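[1] Requesting a structural model of the entry that follows:
(chains A and B)
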Amino acid sequence: MVSEPLRELDHLDAQARRGIPLAPPDVRPMLAWVLPPLIALLLLAVAVEIWVRVADVSIWVMPRPTTVIENFFSDFGLYFSEGLKTLGVSLGGLAIGTAAATLLAAGVAHSNILERAVLPIAIMVKVTPVVALIPLFIIWLGHGWNPKIAIAALITYFPVLINAIAGFRDIDPRMHDFFRSVDASTWEIFRHLRLPAAIPYLFASLKISVTLSLIGAVVAEFFLSGHGGLGAVIWIEQNNLRLEKVFAAVLMLTLIGVTLSTAVVLAERLFSWRLDQPVAAA
Amino acid sequence: MPLFSVSLRRPLLIVLVAVAALAAGLGVACSSDDSDEVLSMTYMGGFVAQANLPFVAVYVAEEQGFFADENLEVDIQHAGFTGSHKSLLLAGEVDITTLPASEMLQIRANSGAPYVAVMLFGQRGDFGYAVLNSSGIESPADFAGRDVGFKGIVQAEFHAMLAAHGLTTDDMNMIDVGFNPVVLVEQQVEVYPVFLSNEPDTLTRNLNQQITVFEAADDGVPTLGVVYLVTEEFLEDELNREKLERFLRATVRAFEFAVENPEAAIEDTATFIGEEREPDLVHERFILDTEIENAISDLTRANGVGWFTQQQFRALTDVLLEYGALENDVDVERAIDRSFLEAIHR
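    Numbering: from 1, shown residues only, chains lettered A, B, ... in the order given. Modelled structure (predicted):
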């Protein structure tokens, strides 16, 4: 479901496409989009700060949010550079996991036999604890970025696979009959019917997978902390009991997650609009 | 004529009995001291249950009744893989726990945690560096130009060991290998850092490899193993000090028992491991034997098990400082307290 501010942005886009001059930018939709989560986060931080102070919670158990924020800004360069490493692993894993799952789903959507053969394996891989696989991935894929990206890919592929299969199959039977009646090839049916039908499903799964890929990257960095990344920062500072740094790294991770999720929402709007054109033509 | 009439005899008898009982009670009370009061405390081992000597000492003390002899009830817990023991001790949820001495000093220096070591097990460090015998590596001097593994962080003691041979990590290809010794067997690295008490057994017995393990201590690098630790706040309370002395007296006794009766100690340990998983007794025995060997030195033979000196901790701190493991110096005098061992071994 598209939120009110996004609907507003859609409206502005449509105006621009029709060549209608835009009114001076109205910042209210953007504020309405940004402010609620910021206020919610602020309220959460204030609640934790009060709880820590009133209940005299040990700093070794829960750091004060004010200390965390202070550390976040004083060491911002560190969290930013390590965040970029984690982002790289996350995006690499997301790209590979999504591409592999989409290709597999396209095949499965066309073949019930392939579905029966592949889905149990996909589920088996899904239920295997990723943590148990990391030492093996290191042996199989070496000691650099590859095992981390593989872990991120592994953790992201499943939601995409399941949603993409559903999307590729969610086509209007009458349209399918029409395509067949004009001797459309399998590729043409896929390109003009199945793929547009799957786009909303793919983006719905991406909204889940994008954050999962971050989790996969961080977990992999726990085990291969020598190359840095926010996972390594969290692991090392947890060992040092510097919890303010642990939470500051989590804060940077949150910012990356929010940015990626927003990017997926914006990409969804862009792709939906573009893919509408050939379908209309068809 | 009787001194008291019959009617007076019964009340008098009751009074006499009451006085006698009171006197007996007072006598008991006067002769008793604090040691008769049953005290309780919480111990948390810093990993899963296994035959590491600091854990075994607790298991044996419990199973052989040494804690009971001290009128001490100990709630024995394990942190598992979480590392939560470090925070729980500082939060006062746990009274005593275990950590490698270097890690204790590191946390104390880098985050200001008021840890205090009260007993030392490993008179040498827990880390070694394994090579396959077929590798042609005969000493750390041969690490130059090789693929050398590390587990997340290159240990300060490794830097010091290399320095003793005129090398630095720039002379070799350092590779982050995680926690799987198979990378050595698969020759993805030629040097693999091992936890001395268990991974050599995994490599030789489970993976059937002939290996040599180099230790920094053999090159004169000051290294130390696992300590029992409490907090400065804990030690400020007299009752806590009493608890701690009883705990250490019982575990020192258990330590000595384990040295004399390793089979029985492993049986006691198996009871606790069995609550989590099926114990591999051969492996557990390897762990125990390795740690007993590392816990006995000329120092402990002269002063008693668990003994340590300020100089040992100072030397270790200096190595950690030199190679960047500590961001600040540590006031070693505040970080250790040997008074309990002195009382026990007096």
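[2] CA only for contacts and neighbour counts going forward, please
    OK.
[3] and residue 258, how many neighbours?
    By default, I'm working from chain A. Using other CA atoms under 10 Å in any protein chain shown, residue A:258 has 14 other residues around it.
[4] my question was about chain B
    23.
[5] Show the contacting residues for the residue nearest the centre of chain B.
    In chain B, the C-alpha nearest the mean C-alpha coordinate belongs to residue B:54, at 3.6 Å (CA atoms, centre = their mean). Applying CA atoms under 8 Å, 6 or more residues apart in numbering or on different chains to residue B:54 gives the contacts B:98, B:121, B:226-228.
[6] Please list the members of those that lie in strands.
    With DSSP state E as the criterion, strands contain B:98, B:226-228 from among these.
[7] Which of the residues you listed sits closest to chain A?
    Proximity of these to chain A, judged by CA to the nearest CA, is greatest for residue B:98, which lies at 13.9 Å.
[8] Max pairwise distance over the contacts of residue B:54: which two?
    Greatest spacing in the contacts of residue B:54, by CA to CA: B:98 and B:121 (9.9 Å).
[9] got any residues that touch both of the two?
    Common contact partners of residue B:98 and residue B:121 (CA under 8 Å, 6+ apart): B:54, B:226-227.
[10] Out of these, which is nearest to residue B:134?
    Using CA to CA, the shared contacts of residue B:98 and residue B:121 come closest to residue B:134 at residue B:226, 32.1 Å.
[11] The closest residue to that closest one other than its chain neighbours: neighbour count?
    Distances taken as CA to CA, 6 or more residues apart in numbering or on different chains place residue B:100 nearest to residue B:226, at 3.9 Å, with adjacent residues excluded. For residue B:100, the number of neighbouring residues by other CA under 10 Å comes to 21.
[12] Pull up the per-residue confidence for residue B:100.
    In this prediction, residue B:100 carries a pLDDT score of 96.
[13] Can you name the residues that contact residue B:126?
    B:100, B:195-197, B:224-226.
[14] from the residues you listed, which single one is nearest chain A?
    residue B:100 (12.1 Å).
[15] still on that earlier bit, alpha carbons only: can I get the helix or strand hosting the residue nearest to the centre of chain B in PDB?
    Assigning secondary structure by DSSP states H and E places residue B:54 in helix B:53-63. Only the C-alpha atoms of helix B:53-63 are listed here, as PDB (Å, rounded to 0.1, in the frame of the first residue of the first chain):
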ATOM      1  CA  LEU B  53      41.100 -26.200  34.400                       C
ATOM      2  CA  PRO B  54      39.400 -23.100  35.900                       C
ATOM      3  CA  PHE B  55      36.100 -24.800  35.100                       C
ATOM      4  CA  VAL B  56      37.200 -28.200  36.300                       C
ATOM      5  CA  ALA B  57      38.200 -26.700  39.700                       C
ATOM      6  CA  VAL B  58      34.600 -25.600  40.200                       C
ATOM      7  CA  TYR B  59      33.100 -28.900  39.000                       C
ATOM      8  CA  VAL B  60      35.300 -30.900  41.300                       C
ATOM      9  CA  ALA B  61      34.800 -28.600  44.200                       C
ATOM     10  CA  GLU B  62      31.100 -29.100  43.800                       C
ATOM     11  CA  GLU B  63      31.100 -32.800  43.200                       C
END
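[16] Is it correct that residue B:212 falls within a strand?
    Yes - under DSSP: H, G, I helix; E, B strand; the rest coil, residue B:212 falls within a strand.
[17] For residue 250, give me its contacts.
    You didn't say which chain, so I picked chain A. By CA under 8 Å, 6+ apart, the residues touching residue A:250 are A:230, A:234.
[18] Correction: the question concerned chain B.
    B:61, B:66-67, B:70.
[19] go again using 6 Å as the cut-off
    B:61, B:66-67 (CA atoms under 6 Å, 6 or more residues apart in numbering or on different chains).
[20] Same question for residue B:151.
    B:176-178.
[21] Can you identify the element that follows the host helix or strand of residue A:198 toward the C-terminus?
    In this assignment (DSSP H and E), residue A:198 forms part of helix A:195-223. Where DSSP H and E defines the elements, the next helix or strand beyond helix A:195-223 is helix A:230-239.
[22] What angle do helix A:230-239 and the helix or strand just after that following helix make with each other?
    Going down the chain from helix A:230-239, the next helix or strand is helix A:243-281, by DSSP H and E. Relative orientation of helix A:243-281 versus helix A:230-239 (axes from the mean of the first three to the mean of the last three CA atoms, to 10 degrees): 160 degrees.
[23] Could you say which of the contacts of residue B:151 is surrounded by the most neighbours?
    Ranking these using other CA under 10 Å puts residue B:177 first, with 29 neighbours.
[24] For it, give me its contacts.
    B:149-151.
[25] 8 Å instead, please
    Shown in contact with residue B:177 (CA under 8 Å, 6+ apart): A:138, A:143, A:224, B:149-152, B:183.
[26] What of residue B:259?
    residue B:292.
[27] For it, which three-state class applies?
    Criterion first, three-state DSSP; result for residue B:259: helix.
[28] how much space between it and residue B:266?
    Distance, residue B:259 to residue B:266, using CA to CA, to the nearest Å: 11 Å.
[29] Residue B:108 now?
    From residue B:108 to residue B:266 the distance is 33 Å (CA to CA).
[30] of the ones in strands among the contacts of residue B:54, closest to residue A:127?
    residue B:98 (34.4 Å).
[31] Tell me who's in contact with that closest one.
    Counting by CA under 8 Å, 6+ apart, residue B:98 has contacts B:44-46, B:54, B:226-229.
[32] May I have the residues that are in contact with the residue nearest to the spatial centre of chain A?
    The centroid of chain A falls nearest to residue A:210 when counting by CA atoms, centre = their mean (1.1 Å). Neighbouring residues of residue A:210 by CA under 8 Å, 6+ apart: A:90, A:94, A:156, A:257, A:260-261.
[33] what does residue B:152 give?
    Taking CA under 8 Å, 6+ apart, one finds A:223-226, B:176-178 in contact with residue B:152.
[34] Let me have those in CSV, extended by distance to residue A:131.
    As requested, these are exported to CSV (distance: CA to CA, whole Å):
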residue, distance to residue A:131
A:223, 9
A:224, 12
A:225, 14
A:226, 17
B:176, 17
B:177, 15
B:178, 12
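[35] Read off the pLDDT value for residue A:5.
    Looking at residue A:5, its pLDDT is 46.
[36] related to what we said a few turns ago, list the buried residues of the helix holding residue A:198.
    Under the neighbour-count criterion of 16 or more other CA atoms under 10 Å in any protein chain shown, helix A:195-223 has A:195-207, A:209-223 buried.
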